[in-house]
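Novice: need coordinates for the following:
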Amino acid sequence: MDQETREYLDRKFLGSATRDDIEKLRQETKVNFRQVKEENRGQILEWRRQVEENLEQLKKECKVEIDPIREEIKEGLEKIRAETQSAIYQSNQVLTSSFQQVSEEGIAHVSRIGQETKAGLDRLREELEILHQVTEEIALLKEKIREGVTEVKDELGALMRFSYADLEKKINTLESRIKALEKMVFP
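Specialist: Take a look at the predicted model:
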């Protein structure tokens, strides 16, 4: 329908419309807008619930991924502790016996024990470096999780702002049309 015909029909309709008809139309429009607003509110709440469920699932998945790493770290630390205690115990025994035999065997024996202790410390240093690498990997995982949560939060906020802005725009348009109709009918 072209613009002239539409304007003509609107003028004819307004000429035959009564004040009660316009009031009834206005009330129906308000009811319809409230209904649309409630429907959109429910949809937004559903989106929010889904995002929260996704976040909970993501937290659980990350926890599942971190638990095996923690177990590996604990096992590694237990091995290191056992090896360290064993190495210390052995070193103490060797040192005790070596002090007793120093006069017989001399400085060569003490040098050999020093090398064994150095090898134990080198192993300990290597294990600590591995532990440090695992700790860095855990920190990277936490950062990725944090970034994912931030992205989801930003997307949800944008969706909510867009939805409310669109509704507000439609309501303002309809209210301006109703006011225009009222001005035409009630000059």
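
Novice: which helices and strands does the helix or strand that contains G120 pack with?
Specialist: Using DSSP states H and E, G120 sits within helix 107-185. Using 3 or more Cβ pairs under 8 Å, 6 or more residues apart in numbering; DSSP states H and E, the elements in contact with helix 107-185 are helix 3-16, helix 19-105. C-beta coordinates here come from the backbone N, C-alpha and C atoms, glycine included.

Novice: tell me the most buried of the ones you listed?
Specialist: Highest mean neighbour count among these (mean count of other Cβ atoms under 10 Å): helix 19-105, with a mean of 12.

Novice: how big is the angle separating that helix from helix 107-185?
Specialist: 180 degrees (axes from the mean of the first three to the mean of the last three Cα atoms, to 10 degrees).

Novice: now do helix 19-105: which elements does it pack against?
Specialist: Short answer (3+ Cβ pairs under 8 Å, 6+ apart): helix 19-105 packs on helix 107-185.

Novice: wouldn't A87 be in contact with G120 here?
Specialist: Yes - in this structure, A87 is within contact of G120 by Cβ atoms under 8 Å, at 4.1 Å.

Novice: which residue lies nearest the spatial centre of the protein?
Specialist: V149 (1.6 Å; Cα atoms, centre = their mean).

Novice: quick check, that one in contact with E56.
Specialist: No - in this structure, V149 is not within contact of E56 by Cβ under 8 Å, at 11.1 Å.

Novice: okay, the helices and strands packed on helix 107-185 in a markdown table with mean pLDDT next?
Specialist: Formatted as a markdown table, these follow (pLDDT from 0 to 100):
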| stretch | mean pLDDT |
| --- | --- |
| helix 3-16 | 65 |
| helix 19-105 | 80 |
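
Novice: out of those helices, flag the one nearest L167.
Specialist: helix 19-105 (6.1 Å; Cβ to Cβ).

Novice: quick one: distance of that closest one to the chain centre.
Specialist: 10 Å (Cα atoms, centre = their mean, to the nearest Å).

Novice: skipping adjacent residues, who's closest to I178 in space?
Specialist: R26 (5.5 Å; Cβ to Cβ, 6 or more residues apart in numbering).

Novice: quick one: the one you found from E182, how far?
Specialist: 8 Å (Cβ to Cβ, to the nearest Å).

Novice: repeat for L128
Specialist: Note on L128: its distance to E182, by Cβ to Cβ, is 81 Å.

Novice: so these two - more neighbours on which side?
Specialist: Ranked by neighbour count (other Cβ atoms under 10 Å), L128 and E182 place E182 first, with 15 against 11.
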